[in-house]
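> When you get a sec, could you give me coordinates for this:
(4 chains)
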Number of protein chains: 2
Amino acid sequence: MARMTAAMLADRLGVSRSAVSRAFTPGTRLAPAKRAMILEAARELGYHPNVFASALSTPDSRSRSHLVAILMGDFASPFQSWLFAALTRELQAHGKLPVLLNVDEVEALDQAILRLGSYQVDGVLAVVGSLPPSCVSQCLTLALPLVLLGRSDPAGRVPSIQTDNHLAGRLAADYLLRRGVHRPGFLAGREDGEASRARAAGFAEGLALAGRAPPQWLCAGRYSHDAGLAFCRQHGDTLASLDGLFCASDALAMGILDGARQQPALQALTLVGCDDVPQAAWPAYRLTTIAQPVSQLAQQAVHQLLQHVEGMPLATSHVTYLPPTLICRS
Amino acid sequence: MARMTAAMLADRLGVSRSAVSRAFTPGTRLAPAKRAMILEAARELGYHPNVFASALSTPDSRSRSHLVAILMGDFASPFQSWLFAALTRELQAHGKLPVLLNVDEVEALDQAILRLGSYQVDGVLAVVGSLPPSCVSQCLTLALPLVLLGRSDPAGRVPSIQTDNHLAGRLAADYLLRRGVHRPGFLAGREDGEASRARAAGFAEGLALAGRAPPQWLCAGRYSHDAGLAFCRQHGDTLASLDGLFCASDALAMGILDGARQQPALQALTLVGCDDVPQAAWPAYRLTTIAQPVSQLAQQAVHQLLQHVEGMPLATSHVTYLPPTLICRS
DNA sequence: TTGAAAGCGATACCAC
DNA sequence: GTGGTATCGCTTTCAA
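Next up is the predicted model:
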């Protein structure tokens, strides 16, 4: 059974193809009765205008594919998955259809973006830990509106939405100081991670403002639970010399917590995570953490992208920082 | 800067539009040198054939949109998210682009599927707990190939890929019996859940084969960690009368475990989960569980869907069961 | 091997 | 209001 077309429907109903087209375009002049009749028949027969054909006939203005690509770097990260879900909800609420590019390996990124050139996506949201500048260039030459989440473009060519990670570090420092911590440490995810760096800076600043020495800087290599657990097992003695630790992610903190259970010397370690993923609230962890404003991040990102798509000259071409909040569970 | 078209490229190079088209279509007759020249120039100038225009010109055969929709019911479920990620990887490996329909509310499902009529997706993968038969009908009338994951169509109209949940129940029963459990219970997710029911049946059968009485049947209402925790708090006394419990999901089991930590009467309860999500392996839980074969589920689902898309008369129109395995962590 | 021309499904600009 | 018609970007006969 072939798909129904406007022409077929028009013939069936004895009206013109133009009438059918107009019936589906609000704000066009068409006899109300006729419109109702066509719409009704369309529903019965399962006719829907072909979005791509229509996008083809009107390359400019509002008639786009309504496809928005999401570049996802790491589905294993609970936080990124969570943000992903929020983004898709937000896109759908705006009548867009999210298409996913799952790019585990950075090398695959260029390839993947090239494919986007073939699909006339309205825009791209990038939720990837590291995005080579070449990818940004590609989107630019393909004339693809691009918005970055959780990281910024060093060259400042595209807008970016982020949690105010510096503030997150400050909040963590304040909390640990209130808890009477004297020998604080910071556990980074990726050494070159933009988020890790900003959190570390804010953390150090918070300590400095209280007249304290800089924290001990540690690095787990990745942001995952596994990485935290492995770090805890390999560097238990280092951790034992601390009484407070701010981790660059909740997963990392939970890994540390799991590892610490088996090491008596680490029972007194006061932990703070970052993200506030659902698992952090589970009784096994009850992790105090710095919550990222996930909904707002998603809303802002989609909002700015769609502004850009609509041709708005993206007033806020730069980085938008959204404030995190302390979630105290101890 | 407007997007480059085949005609523009042809003019730039002084060749015909046909030549450009042929250059991108393997197996067409075109002077090798000319083809190379065109391909090279295209790469330089960032030209890519418009997939939708090409799909438009060839409604039949291989020239499809290469879009495959994934219907997701519950992103909060760690297992479903995990399966989702596997599906997207598999689709991409086959040159398809996953588009996501996030349908939190069942009411939104019909609406969402209607939108798919406008986007000429090649097919649909449904990863939803409950799918009203009307949705299946809709896909059928829209001529959309559909494959169900984790649940089947009562009417048997579309293929379905599932873990052999009956076997999962058997494995859980065998394990608990080996552990010397005498008063086993089964904790369902949703009461009417197909998966819960099959697992319960297999579980009861396994016990019966060993000459044991049926397990106590319990129901948490949902499959989430929260539901398990709440159940444990409200029905601690019921659980205290058991010495073994098979939970319909890992999340549920972890919720029970978290609740049990605070109830001395539940320390002796032997738990078995189902799914083997990554968190089940974390030291805080070390949950013995029945692993679902996620990769194989994804592979089979995509394979069968694409067969169907390619016009194959879907030989295996019915339910495909893939075997689960026991992951023993105690 | 190659170019010209006819669609594919839908929209918008035309006169009527 | 309404129905023809050119057009969007591309593939594909069909001649040359």
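> C-alpha only now, for contacts and for neighbours.
Fine.
> how near is residue A:165 to residue B:111?
Taking CA to CA, to the nearest Å as the measure, residue A:165 falls 39 Å from residue B:111.
> So between those two, which is more surrounded?
Neighbours of residue A:165 and residue B:111, each counted by other CA atoms under 10 Å in any protein chain shown, are more numerous for residue A:165; the result is 28 against 12.
> Does stretch A:320-330 reach chain B?
No - Stretch A:320-330 is not in contact with chain B by CA under 8 Å from any CA of the partner chain; minimum separation 15.7 Å.
> actually stretch A:80-93, sorry about that
Yes - Stretch A:80-93 is in contact with chain B by CA under 8 Å from any CA, via A:81, A:85, A:88, A:89, A:92.
> Now that stretch: average pLDDT?
Mean pLDDT, computed over stretch A:80-93, is 95.
> Now the lowest-mean-pLDDT helix or strand in chain A: buried residues?
Ranked by mean pLDDT, DSSP states H and E, the weakest helix or strand in chain A is helix A:107-118, scoring a mean of 80. Buried residues in helix A:107-118, counted by 16 or more other CA atoms under 10 Å in any protein chain shown: A:109, A:110, A:112, A:113, A:114, A:115, A:116, A:117, A:118.
> pLDDT of stretch A:17-36, averaged?
92.
> quick one: buried residues of that stretch?
Buried residues in stretch A:17-36 (16+ other CA under 10 Å): A:17, A:19, A:20, A:21, A:22, A:23, A:30, A:35.
> Sitting in helices, which of these do you find?
A:17, A:19, A:20, A:21, A:22, A:23, A:35 (DSSP state H).
> Return the closest of those residues with respect to chain B.
Chain B lies nearest to residue A:21 out of those, by CA to the nearest CA, at 13.5 Å.
> you'd agree the closest one is up against residue A:6?
Yes - using CA atoms under 8 Å, residue A:21 makes contact with residue A:6 at a distance of 7.2 Å.
> and the residue of the stretch 51-200 of chain A nearest chain B?
Residue nearest to chain B within the stretch 51-200 of chain A: residue A:99 (4.1 Å; CA to the nearest CA).
> what about the closest residue in space to that residue that isn't next to it in sequence, how many neighbours?
Sequence neighbours aside, residue B:99 is the residue nearest to residue A:99 in space, at 4.1 Å (criterion: CA to CA, 6 or more residues apart in numbering or on different chains). Neighbours of residue B:99 under the rule other CA under 10 Å: 24.
> quick one: the helix or strand hosting residue B:99 to helix A:107-118, angle?
Assigned by DSSP states H and E, residue B:99 falls within strand B:97-102. If you take axes from the mean of the first three to the mean of the last three CA atoms, to 10 degrees, strand B:97-102 sits at 80 degrees to helix A:107-118.
> For the residue of the stretch 51-200 of chain A closest to chain B, name its beta-bridge partners.
Note on residue A:99: beta-bridge partners by DSSP bridges are residue A:69, residue B:99.
> who touches it in this structure?
By CA atoms under 8 Å, 6 or more residues apart in numbering or on different chains, the residues touching residue A:99 are A:67, A:68, A:69, A:70, B:97, B:98, B:99, B:100.
> pretty sure residue A:259 contacts residue A:229?
Yes - the pair residue A:259 and residue A:229 qualifies as a contact (CA under 8 Å) at a distance of 5.3 Å.
> With DNA strand C as the reference, measure out to the residue in the stretch 101-250 of chain A positioned nearest to DNA strand D.
Closest to DNA strand D within the stretch 101-250 of chain A is residue A:118: 7.7 Å, counting by CA to the nearest atom of the strand. Between residue A:118 and DNA strand C the computed distance is 16 Å (CA to the nearest atom of the strand, to the nearest Å).
> and if you look at residue A:325?
Residue A:325 is 46 Å from DNA strand C, where distance means CA to the nearest atom of the strand.
> Please work out how many residues are found near that residue.
Counted with other CA under 10 Å, residue A:325 comes out at 18.
> okay, residue A:62: pLDDT?
pLDDT, read off for residue A:62, is 47.
> so what's the residue nearest to residue A:231 when sequence neighbours are not counted up against?
Leaving aside its sequence neighbours, residue A:231 sits nearest to residue A:220 (CA to CA, 6+ apart; 5.9 Å). Contact partners of residue A:220, counting by CA under 8 Å, 6+ apart, are A:187, A:188, A:189, A:190, A:227, A:228, A:231.
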